[in-house]
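>>> Sharing a model prediction with you, sequence too.
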Amino acid sequence: MLGIFRSVLSTKLLRPFTAQPVHSHKVGIVESTRGMKVRSSVKLICNSCSFVRRRGRLFVVCKHDPKHKQRQG
């Protein structure tokens, strides 16, 4: 019975927060999903990166390249 639900649900619902790109059923469309590096020591990678403290954690956000997102923890 679970197999029927898996075929009906989209891959976006099955894997909503993975760092892997989710391929759509249509050919040639790739949807990117949110991903963040979790490290014990976060560092600024480029000049656009900046430190942000949210919810008691230290984050690195970058306006230029979203791949530079990091979280300390």
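Noted; the coordinates are in hand. Numbering: from 1, shown residues only.

>>> so where is the chain shaky, pLDDT-wise?
1-34 (pLDDT under 70).

>>> how about the strands in it?
According to DSSP state E, the chain carries its strands in the segments 22-23, 30-31, 37-39, 49-54, 57-62, 70-72.

>>> How about the third one, which residues are buried there?
Counting neighbours by 16 or more other CB atoms under 10 Å, one finds that strand 37-39 has no buried residues. (Glycine included, C-beta is placed from N, CA and C.)

>>> how about R53, what does it touch?
Counting by CB atoms under 8 Å, 6 or more residues apart in numbering, R53 touches F59.

>>> If it is in a bridge, with which residues?
With DSSP bridges applied, R53 shows beta-bridge pairing to L58.

>>> how much space between it and V42?
The spacing between R53 and V42, counted by CB to CB, to the nearest Å, is 11 Å.

>>> who touches both of those two?
Counting by CB under 8 Å, 6+ apart, the residues touching both R53 and V42 are F59.

>>> Next, count neighbours for the residue nearest to S50 when sequence neighbours are not counted.
With CB to CB, 6 or more residues apart in numbering as the criterion, S50 has its nearest non-adjacent residue at 6.1 Å, and that residue is V61. V61 is flanked by 16 other residues according to other CB atoms under 10 Å.

>>> V61 and K69: what is the separation?
Going from V61 to K69 by CB to CB gives 6 Å.

>>> F59 now?
If you go by CB to CB, the gap between F59 and K69 works out to 7 Å.

>>> What of R53?
Taken as CB to CB, the span from R53 to K69 is 15 Å.

>>> repeat for S50
Noted for S50: a distance of 11 Å to K69, by CB to CB.

>>> Mind listing the shared neighbours of those two?
V60, V61, C62.

>>> got these as CSV, with distance to C46 columns?
Formatted as CSV, those follow (distance: CB to CB, whole Å):
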residue, distance to C46
V60, 10
V61, 12
C62, 7
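
>>> So for stretch 65-73, what gets flagged as buried?
Going by neighbour count (16+ other CB under 10 Å), the buried part of stretch 65-73 is H68, K69, Q70.

>>> who touches the second one in this structure?
Yep, that's K69 we're talking about. The contact partners of K69, by CB under 8 Å, 6+ apart, come to G35, M36, K37, F59, V60, V61, C62.
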